[in-house]
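Q: Please work out how this folds:
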Amino acid sequence: GNSNMFQRVAMVWREVEVPVIAALHGVAFGAGFQLALGADIRVAAPETKLAVMEMKWGLVPDMGGMVLLPKLTRSDVIRRLTYTAQPIDAKQGLEWGLVTELADDPLAVATEMANLIATKSPSAMRAAKRLIAVAEAADEDTVLLAESQEQSDLIGKSDQMEVIAANMQKRAAVFK
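A: Sure thing, here's the model as predicted:
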């Protein structure tokens, strides 16, 4: 494809058909930080430290960071993180869009979120992930067409009909 083996480690999370949630605690420096950036959602303990550490070693981010960072934060933030290699705490990461939310127990919150997501229509979830990827990269016309196509592929199909039946019967949906 378009990436080397090390870039694939972080970029593959964007290609997985279902949401990927990262639970962060301790440190996420360099490669670990870029790996986390590939996740759809990042839940971090407040004391977690994040850093683009490569400059400390005379290198540049090389695991997809320059593809992932511009989708999450501003150019000046990317430059600060990259040029200085200084760690920031997760609270700053939250303000800059690098962390989705803070939690004292990020693994418990990530697990709870994953369990909630698992109760939703699997076909709609996959469609949503595809659609978000298109929306992040394409022009308005392409995104609007993708919305229409994804919705058309969902309406009236078995997963959607099960969601309707489950909601009407006030029960959990059961997908095949």
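Q: count of residues packed around the spatially closest residue to I117 that is not a sequence neighbour?
A: Nearest non-adjacent residue to I117, counting by CB to CB, 6 or more residues apart in numbering: P19, 5.6 Å away. Every residue, glycine included, has its C-beta placed from N, CA and C. For P19, the neighbour count with other CB atoms under 10 Å is 19.
Q: mind listing what P19 touches?
A: 40-41, 114, 117, 125, 129 (CB atoms under 8 Å, 6 or more residues apart in numbering).
Q: That one in helix, strand or coil?
A: coil (DSSP: H, G, I helix; E, B strand; the rest coil).
Q: Quickly note the distance from it to V134.
A: 16 Å (CB to CB, to the nearest Å).
Q: Whichever of the contacts of P19 end up buried, select them in PyMOL.
A: Buried subset of these, written as a PyMOL selection, criterion 16 or more other CB atoms under 10 Å:
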select buried, resi 40+41+117+125+129
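Q: Just flag the most distant two among the contacts of P19.
A: Using CB to CB, the pair of these lying farthest apart is A114 and K129, separated by 13.8 Å.
Q: State the pLDDT value of D62.
A: Listed pLDDT for D62 reads 90.
Q: right, I mislabeled it, should have said V16
A: 94.
Q: ok, now A10?
A: Confidence score, pLDDT, at A10: 88.
Q: now the helices for the chain?
A: Under the criterion DSSP state H, the chain contains helices at 5-15, 31-37, 65-72, 75-84, 90-95, 106-118, 122-137, 140-154, 158-168.
Q: To A45, which of those helices lies closest?
A: That would be helix 106-118 among these, by CB to CB, at 5.2 Å.
Q: Contacts for the closest one next, please.
A: 18-19, 21-25, 41, 43-45, 48, 101, 103, 125.
Q: for the least confident helix or strand in the chain by mean pLDDT, packing partners?
A: Across the helices and strands of the chain, mean confidence by mean pLDDT, DSSP states H and E is lowest for helix 5-15: a mean of 90. In terms of contacts (3 or more CB pairs under 8 Å, 6 or more residues apart in numbering; DSSP states H and E), helix 5-15 is packed against helix 31-37, helix 65-72.
Q: can you tell me how far L81 sits from G97?
A: 12 Å.
Q: got it, and P122?
A: 28 Å.
Q: who are the neighbours in contact with P70?
A: Per CB under 8 Å, 6+ apart, neighbours of P70: I78.
Q: should've said A22
A: 35-36, 39, 41-43, 110.
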